[in-house]
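[1] A predicted structure for the sequence below; I have some questions about it.
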Protein chains: 2
Amino acid sequence: MESEQIKIPQATAKRLPLYYRFIKNLSLSGKQRVSSAELSEAVKVDSATIRRDFSYFGALGKKGYGYNVNYLLTFFSEALNQHEVMKVALIGVGNLGTAFLRYNFIKNNNTEIVMAFDIDPNKIGTDIGGVPIYDLEKLEEIITDEIQIAILTVPAGVAQSIADRLTEKNIRGILNFTPARISVPDHIRIHHIDLAIELQTLAYFLQK
Amino acid sequence: MESEQIKIPQATAKRLPLYYRFIKNLSLSGKQRVSSAELSEAVKVDSATIRRDFSYFGALGKKGYGYNVNYLLTFFSEALNQHEVMKVALIGVGNLGTAFLRYNFIKNNNTEIVMAFDIDPNKIGTDIGGVPIYDLEKLEEIITDEIQIAILTVPAGVAQSIADRLTEKNIRGILNFTPARISVPDHIRIHHIDLAIELQTLAYFLQK
């Protein structure tokens, strides 16, 4: 089960945590097998897509039997490296940043936000959901090599300069929630999530 | 330019607002043409993808010349129906909901959040960013037929019951920010955005 070697499309990768979460609940409730129709209904992904996704990992299901829940659980857990927690720093404790810190409680996840940064003196020195908030000015000093991911929930205008500071550290991935399109060296992976664009995309499809 | 008739992939549609925003700024700064390389650098999408995206709308660029900025602007503006603003209701004024309401100020968008709902008596009757917050109990009474999109930023446990109430109204699209996978009638389009899953997907790619 050399999941580390498998190249899968980003769209499929995005559904893995979803599959994992549902399969884990099934397993906890003692269920031993699941059909792709049941999976489809639960995770709201059509069966054809589920079967195609699963095919990237080899044939995991049998016709008329469905999928073995524990096998799937072991498989997804391996694929998602659930045993290895990635440490995350969050930059910008505004409303969106705070939402993330509270969300941090929800486990079932291979990531953990362990520190946050802001410039607001009223926030610095406090914590949200157990995550300490530090002075952004001391970013370079406080952020450790074990932090591999940064979440950017800062105003767009400062996104690039903060990204530049992060690239000097051991960061390998940035989740960018600002509308700014930022530039980073090739060894750093950036995912952009723009709330306005998510809304606009939905509107676009409704207008067609 | 019958943009309404064109069927384009969802991934392409998601990039339209991004293209539009950049092209609009170019036009405002008086620029008349742009190459796909410049576009690529600015919006952080590779040139091949840009050319493929643009090909869905017919050949818009000329080799060695690039794209005509005003033509693109008219085109994207049509495609995104910038002249027609879709009214949006936001349900759940927690941290994430509040972030959205503040974000509402950023125009350059064909959507506008015009009302919000919550159960917190301290929030009901106030407004954020000019958007009034109403009692969730009065949802059916207050929400009007002009509201076509709802943003769900409520706890996962109540997502389905609120969605059920919304489907009784004129809602055509739901942007679901809860981890719950909710069921709605076929005529309603749902987009799911799960912050935990976005983070987990980035972690997944870093671990490969």
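    Great, that's in hand.
[2] residues contacting A:Ala99?
    B:94-96, B:99, B:195 (C-beta atoms under 8 Å, 6 or more residues apart in numbering or on different chains). In this view, the C-beta of every residue, glycine as well, is placed from N, C-alpha and C.
[3] nope, A:Ile8 is what I meant
    Taking C-beta under 8 Å, 6+ apart, we find A:Ile8 in contact with A:56-57.
[4] for the record, mean pLDDT for the one helix or strand A:Ser77 maps to?
    Here A:Ser77 sits within helix A:69-79, counting by DSSP states H and E. Averaged across helix A:69-79, pLDDT comes to 82.
[5] what's it packed up against?
    Secondary-structure packing of helix A:69-79 (3 or more C-beta pairs under 8 Å, 6 or more residues apart in numbering or on different chains; DSSP states H and E): helix A:10-28, strand A:33-34.
[6] let's see 10 Å
    Counting contacts by 3 or more C-beta pairs under 10 Å, 6 or more residues apart in numbering or on different chains; DSSP states H and E, helix A:69-79 is packed against helix A:10-28, strand A:33-34, strand A:66-68.
[7] what kind of secondary structure is the most far-flung residue of chain A relative to its centre in?
    Distance from the C-alpha centroid of chain A peaks at A:Gly64, with 33.5 Å (C-alpha atoms, centre = their mean). Here A:Gly64 is recorded as coil under DSSP: H, G, I helix; E, B strand; the rest coil.
[8] mind listing what it touches?
    A:Ser35 (C-beta atoms under 10 Å, 6 or more residues apart in numbering or on different chains).
[9] what do you get for the one 5 residues further on?
    Residues in contact with A:Val69 (C-beta under 10 Å, 6+ apart) are A:23-34.
[10] ok, A:Thr49 to B:Lys87 distance?
    According to C-beta to C-beta, to the nearest Å, A:Thr49 and B:Lys87 sit 32 Å apart.
[11] please read the previous query as pertaining to A:Ile188.
    Applying C-beta to C-beta to A:Ile188 and B:Lys87 gives a distance of 39 Å.
[12] quick check, A:Asn50 in a helix?
    No, residue A:50 isn't Asn; it's Ile. Yes: counting by three-state DSSP, A:Ile50 is part of a helix.
[13] longest strand anywhere in chain A?
    strand A:111-118 (DSSP state E).
[14] tilt between the helix or strand hosting A:Gly157 and strand A:111-118?
    For A:Gly157, the host element (DSSP H and E) is helix A:156-167. In terms of direction (axes from the mean of the first three to the mean of the last three C-alpha atoms, to 10 degrees), helix A:156-167 departs from strand A:111-118 by 120 degrees.
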